[in-house]
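**Q** Prediction below, plus the sequence it came from.
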Amino acid sequence: MVLIVLIFGLLVLLHQEGKYGKINKCITFPDMLDMIPFMTGTGDVPPLYMLYAVVVHLDTLNASFSGHYVAYVKDLQGSWFRIDDTEVHPFLYFSSFL
């Protein structure tokens, strides 16, 4: 079995009046991403991707050049966890969006 991973990176930086900052806007996305409408080929395996992790940059004072990264990861049972350095905690927030 071949494991295919699709990674998206969203750039959320703003340059305005000589200053840089981070755009703080909620971004929603589906639990399953169907790429069939965007790909061609009749013999291909349907390109369906399941969301299993999200990395978030937590900034300080809306500054894009400093901050901290945390990860949100889904286990095989569908439960989400927040991973922050050495701490892992259950996280229920994603369940309400997906």
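**A** Okay, I see it.
**Q** what about the strands in this structure?
**A** Secondary structure of the chain by DSSP state E: the strands cover 13-16, 19-22, 32-34, 48-50, 53-60, 63-74, 80-84, 87-90.
**Q** Most tightly packed of those strands?
**A** strand 80-84 (a mean of 16; mean count of other C-beta atoms under 10 Å). For the C-beta atoms, the positions are set from N, CA and C on the backbone; glycine is no exception.
**Q** Quick check: which helices or strands does that strand pack against?
**A** strand 63-74, strand 87-90, helix 93-97 (3 or more C-beta pairs under 8 Å, 6 or more residues apart in numbering; DSSP states H and E).
**Q** For the second one, give me every contacting residue.
**A** Strand 87-90 is contacted from outside by 79, 80, 81, 82, using C-beta atoms under 8 Å, 6 or more residues apart in numbering.
**Q** partners of the third one in the sheet?
**A** Same thing as residue 81. In this entry, residue 81 is beta-bridged to residue 73, residue 90, by DSSP bridges.
**Q** Do I have it right that it meets residue 72?
**A** Yes - counting by C-beta atoms under 8 Å, residue 72 is a contact partner of residue 81 at 7.1 Å.
**Q** shared neighbours of the two, anything?
**A** Taking C-beta under 8 Å, 6+ apart as the contact rule, residue 81 and residue 72 both touch residue 91.
**Q** quick revisit: of all the strands of the chain, which lies closest to residue 4?
**A** Taking C-beta to C-beta, strand 48-50 is the member of the strands of the chain nearest to residue 4, at 8.0 Å.
**Q** Rounded mean pLDDT for that closest one, please.
**A** Mean pLDDT, computed over strand 48-50, is 84.
**Q** Run me through the strand neighbours of that strand, direction for each.
**A** Sheet pairing of strand 48-50 (DSSP bridges) gives strand 32-34 (antiparallel).
**Q** Could you export the strands of the chain as JSON lines, including distance to residue 4?
**A** Formatted as JSON lines, those follow (distance: least, C-beta to C-beta, whole Å):
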{"stretch": "strand 13-16", "distance to residue 4": "29"}
{"stretch": "strand 19-22", "distance to residue 4": "31"}
{"stretch": "strand 32-34", "distance to residue 4": "12"}
{"stretch": "strand 48-50", "distance to residue 4": "8"}
{"stretch": "strand 53-60", "distance to residue 4": "15"}
{"stretch": "strand 63-74", "distance to residue 4": "17"}
{"stretch": "strand 80-84", "distance to residue 4": "22"}
{"stretch": "strand 87-90", "distance to residue 4": "27"}
